[in-house]
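Participant: With the input below, show me the fold.
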Amino acid sequence: MRSLWTTGTAALLVLLGACSSGPTAQTAKAPEKPPEPVTGRHAFQNMYLSARTWAMDAQPLQLRSINLQELKSEKGKAGAWQAAFVSPQGGRARSYTFSILEAAGNLHQGVFAGPVEGWSGPSAQTRPFLIAAIKVDSDEAYNTAAKHSAEYVRKHPGLPVSFLLEQTNRFPDLAWRVIWGESVSTSDNSVFVDASTGAYLGTAH
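Facilitator: Numbers count the residues shown, from 1 in each chain. All right, here's what the predicted structure looks like:
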């Protein structure tokens, strides 16, 4: 009897050991991927969902990239983006940011809503645009812009690149503005790309 009891106990312990070790090996977490910059349309879609919870008639007014010191931007991709939305019925406006990580400048990981402000309506400078018009993403706009600025890029390596998406009276369609430099006012080379067709629209010096 003692040998049968010992044999049975040993077998049970082996079985329990196999059961307990199996799931542990299977559920081991894979190493987390390092954060990566994203395209404008990816960030916009996240912010638009939040804007719709603020106002059901929310319409996009502008989208711009934010270059982070903590995460290097890539061709047409940035670590953070900011979008402005308006509510025509309520005469209000609100900005949202989407950031890959916590960063300087009050940028928080994920979508973060700014304060609600007044909005007096569209102007010649900028007006709301249709979401369906964003058929060309920021990385595609960059490729077109870089192609038409090859000589400039060669002479000015390492310049930061920013992106601005808006509907103005300058062009009939929604357009990306790909900006070499810190801002529009200080840049001596920016390229406009049609956000619906991807066509090159012109260069501002």
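Participant: CA atoms for contacts and neighbours, from now on please.
Facilitator: Noted.
Participant: can you tell me the helix or strand for the residue nearest the centre of the chain?
Facilitator: The residue lying closest to the centre of the chain (Cα atoms, centre = their mean) is Ala43, at 2.9 Å. Secondary structure from DSSP states H and E places Ala43 in helix 40-54.
Participant: The closest residue in space to Ser87 that isn't next to it in sequence: neighbour count?
Facilitator: Nearest non-adjacent residue to Ser87, counting by Cα to Cα, 6 or more residues apart in numbering: Ala58, 4.8 Å away. Residues near Ala58, counting by other Cα atoms under 10 Å, number 24.
Participant: Spit out the contact partners of Ala58.
Facilitator: Ala58 makes contact with Ala51, Arg52, Phe85, Val86, Ser87, Pro88 under the criterion Cα atoms under 8 Å, 6 or more residues apart in numbering.
Participant: now His205
Facilitator: By Cα under 8 Å, 6+ apart, the residues touching His205 are Ser187, Asp188, Asn189, Ser190.
Participant: in the protein, which spans are helices?
Facilitator: In the chain, the helices defined using DSSP state H lie at 2-26, 40-54, 138-147, 150-155.
Participant: Tally up the residues packed near Asn46, please.
Facilitator: 15.
Participant: Just read off the phi/psi values of the nearest residue to Ser120 once chain neighbours are set aside.
Facilitator: Closest residue in space to Ser120, ignoring its immediate chain neighbours: Gly91 at 6.3 Å, by Cα to Cα, 6+ apart. Torsion angles at Gly91 (phi, psi; degrees, to the nearest 10) stand at phi 60, psi 40.
Participant: Also Thr168?
Facilitator: Dihedral angles (degrees, to the nearest 10) for Thr168: phi -130, psi 180.
Participant: And it, how close does it get to Gly110?
Facilitator: 29 Å (Cα to Cα, to the nearest Å).
Participant: Please determine how far Phe85 is located from Thr186.
Facilitator: For Phe85, the distance to Thr186 - Cα to Cα - is 26 Å.
Participant: Repeat that for Asp57.
Facilitator: Following Cα to Cα, the distance that separates Asp57 from Thr186 is 35 Å.
Participant: for Phe112, same thing?
Facilitator: Per Cα to Cα, Phe112 is found 28 Å from Thr186.
Participant: which residues in this protein form strands?
Facilitator: Secondary structure of the chain (DSSP state E): strands located at 59-66, 80-87, 92-99, 110-118, 161-166, 175-180, 189-194, 200-204.
Participant: Give me the helices and strands touching the first one, please.
Facilitator: Spelled out, that is strand 59-66. Packing partners of strand 59-66 (3 or more Cα pairs under 8 Å, 6 or more residues apart in numbering; DSSP states H and E): helix 40-54, strand 80-87, strand 161-166.
Participant: Which of those has the highest mean neighbour count?
Facilitator: strand 80-87 (a mean of 26; mean count of other Cα atoms under 10 Å).
Participant: name the helices or strands packed onto that one?
Facilitator: helix 40-54, strand 59-66, strand 92-99.
Participant: Could you rerun that using 10 Å?
Facilitator: On a contact count with 3 or more Cα pairs under 10 Å, 6 or more residues apart in numbering; DSSP states H and E, strand 80-87 meets helix 40-54, strand 59-66, strand 92-99, strand 110-118, strand 161-166.
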